[in-house]
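Student: Build me a model:
(2 chains)
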Amino acid sequence: DAGITQSPRHKVTETGTPVTLRCHQTENHRYMYWYRQDPGHGLRLIHYSYGVKDTDKGEVSDGYSVSRSKTEDFLLTLESATSSQTSVYFCAIRGWGNYGYTFGSGTRLTVV
Amino acid sequence: DAKTTQPPSMDCAEGRAANLPCNHSTISGNEYVYWYRQIHSQGPQYIIHGLKNNETNEMASLIITEDRKSSTLILPHATLRDTAVYYCIVRLDLISGNTPLVFGKGTRLSVIA
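Tutor: Numbering: from 1, shown residues only, chains lettered A, B, ... in the order given. Model (predicted):
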């Protein structure tokens, strides 16, 4: 949708293993975001990026790291997955000006 | 960002107008009102935004009170496909800056046949 794709769409992993989720955009937008969504909590911001190699933490960043080595890719890494990180992860992009965010279709991650 | 208050749920008959209210009494002069919706399991979708004037696009209308302390999103002829959670968000919008969207719990709109 609108040049943003997330991969994988679904993943099951074991506790303690590293996991990397990918967000890829073809819009050349500067800003990219990672959110997680859980029942009862709504969407919560994990990390965001305002340019290549420029990232910052959101409200629930513990246990997550991100990297953005090129404009089109924003990677979210769980260094050692825990069951509390079972969630649906959404990536979003934003261009310049008063424009809305465009969200990806989400990645459903289950940590067993 | 200013906080918003929305009713947790609303029902609307198919074909009728859906009016979704949002209170943002602490909004500051340079903060915009944004509306997004999230249809089950999908990523949120941008609907509309405004600063002080009423706005309309192909999806909806946004009515902002003169004192800017509240707003109403209007879906003029609701269909079953409009069943979703609707989020009202207030944020600064800096052309060259970055203020991440902060989502509340939104209003779950159910359109009933």
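Student: can we go C-alpha only for contacts and neighbour counts from here?
Tutor: Noted.
Student: Contact residues of chain A facing chain B?
Tutor: A:31, A:33, A:41-45, A:48, A:50, A:90, A:96-98, A:100-106 (CA under 8 Å from any CA of the partner chain).
Student: Could you tell me which of those residues belong to strands?
Tutor: The subset of the residues of chain A next to chain B located in strands under the criterion DSSP state E comprises A:Tyr31, A:Tyr33, A:Gly42, A:Leu43, A:Arg44, A:Leu45, A:Tyr48, A:Tyr50, A:Phe90, A:Thr102, A:Phe103.
Student: any idea which of those is least confident?
Tutor: Lowest pLDDT of these: A:Gly42, 84.
Student: in chain B, which spans are strands?
Tutor: With DSSP E as the criterion, chain B has strands spanning B:9-13, B:18-23, B:31-38, B:45-50, B:55-56, B:61-64, B:70-75, B:84-92, B:107-112.
Student: Please convert those strands to TSV, extending it with mean pLDDT, mean neighbour count and distance to chain A.
Tutor: Converted to TSV, the strands of chain B look like this (pLDDT from 0 to 100; neighbours: other CA atoms under 10 Å in any protein chain shown; distance: least, CA to the nearest CA, whole Å):
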stretch	mean pLDDT	mean neighbour count	distance to chain A
strand B:9-13	97	15	14
strand B:18-23	98	20	17
strand B:31-38	93	21	8
strand B:45-50	92	20	6
strand B:55-56	96	16	14
strand B:61-64	98	21	15
strand B:70-75	98	20	16
strand B:84-92	92	24	10
strand B:107-112	97	20	11
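Student: Tell me which of those lies nearest to A:Gly3.
Tutor: strand B:45-50 (14.1 Å; CA to CA).
Student: just to revisit the earlier point, now neighbour count too, for the ones in strands among the residues of chain A next to chain B, in a markdown table please.
Tutor: What follows is those, written out as a markdown table (neighbours: other CA atoms under 10 Å in any protein chain shown):
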| residue | neighbour count |
| --- | --- |
| A:Tyr31 | 23 |
| A:Tyr33 | 27 |
| A:Gly42 | 14 |
| A:Leu43 | 21 |
| A:Arg44 | 21 |
| A:Leu45 | 22 |
| A:Tyr48 | 28 |
| A:Tyr50 | 20 |
| A:Phe90 | 26 |
| A:Thr102 | 21 |
| A:Phe103 | 26 |
